[in-house]
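Asks: pasting a predicted model and its sequence here:
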Amino acid sequence: MDLIDQAAASDLRPLLHGPSRRTLPVLVLPLVLVGSCAAGAWLWANLEEFVETPEARDASSTMSLSLEDRMSLSEIKWAQQKAGDEIAELNRQIDAQRDDLKRILDQITVLTSRIDSLQSLTPIPSAAPVPPLSPARAAPSVARKHFGRSKPQGPVSVGGAPVIAGPKTAEP
């Protein structure tokens, strides 16, 4: 009997388990891929409905405006464009000036280093030595100093302007 039971059990196993689990992903994966591709194609075809571009928004809002409002709006856009161009030009000029200033600063640095190197090479000159006076010249200047000068009487002009002597007052 054991043989019959074993044979019967071996025949029943494939029937009891049903289809294998390997066939399920093989069938589901292509269905998911086909469905996602179809959804992507439909979304791509109808993209304008989902995404509102600034041009479409501007066009729809401009159509509802009057002629004067549209003209003033176009003038404002033109002025904005012109201001943007002017700002870009000013930024270019500022960058050019920065480059010039950097170049000048580099030149100043080079000149400063050259001046420093030249100053370190040449010694700083001290006070010039006074040549000694010969004895023949020294005597007349000493005599002139003692005898030639006398104390002035009255006001003395130091700055070179003439001094006007005022009336003398009596001393107490």
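Replies: Looks like it arrived, so ask away. Just so we're clear, the structure is a prediction, and the values are computed from it rather than from any experiment. Numbers count the residues shown, from 1 in each chain.

Asks: can you count the residues close to residue 164?
Replies: Counted with other CB atoms under 10 Å, the neighbours of residue 164 add up to 7. For glycine as for every other residue, the C-beta is placed from the backbone atoms N, C-alpha and C.

Asks: the helices in this structure, which residues?
Replies: Taking DSSP state H as the test, the helices found in the chain are 2-17, 23-45, 47-50, 54-63, 67-121, 135-148.

Asks: check those helices for me: which has the lowest mean pLDDT.
Replies: Of all the helices of the chain, the minimum mean pLDDT falls on helix 135-148 (a mean of 54).

Asks: just the C-alphas of stretch 91-101, formatted as CSV.
Replies: Coordinates of the C-alpha atoms in stretch 91-101 are reproduced here as CSV (Å, rounded to 0.1, in the frame of the first residue of the first chain):
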residue,chain,number,x,y,z
ASN,A,91,27.7,95.7,-15.1
ARG,A,92,30.1,95.2,-18.0
GLN,A,93,31.6,98.7,-17.4
ILE,A,94,31.9,98.0,-13.7
ASP,A,95,33.8,94.8,-14.4
ALA,A,96,36.1,96.6,-16.8
GLN,A,97,36.8,99.3,-14.2
ARG,A,98,37.5,96.6,-11.6
ASP,A,99,40.0,95.0,-14.0
ASP,A,100,41.7,98.4,-14.6
LEU,A,101,41.9,99.1,-10.9
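
Asks: pull out the buried residues from it.
Replies: Within stretch 91-101, no residue is scored as buried using 16 or more other CB atoms under 10 Å.

Asks: number the residues from 384 up from this point.
Replies: In the new count, where the first residue is 384, that last one comes out as stretch 474-484.

Asks: identify the residues contacting it?
Replies: When contacts are defined by CB atoms under 8 Å, 6 or more residues apart in numbering, stretch 474-484 is touched by no residue outside itself.

Asks: against residue 481, how distant is residue 488?
Replies: Applying CB to CB, to the nearest Å, the value for residue 488 to residue 481 is 10 Å.

Asks: kindly report the same for residue 465.
Replies: With distances taken as CB to CB, residue 465 is found 25 Å from residue 481.

Asks: what do you get for residue 421?
Replies: Distance check for residue 421 against residue 481: by CB to CB, it reads 57 Å.

Asks: also residue 468?
Replies: When CB to CB is applied, the distance between residue 468 and residue 481 equals 21 Å.
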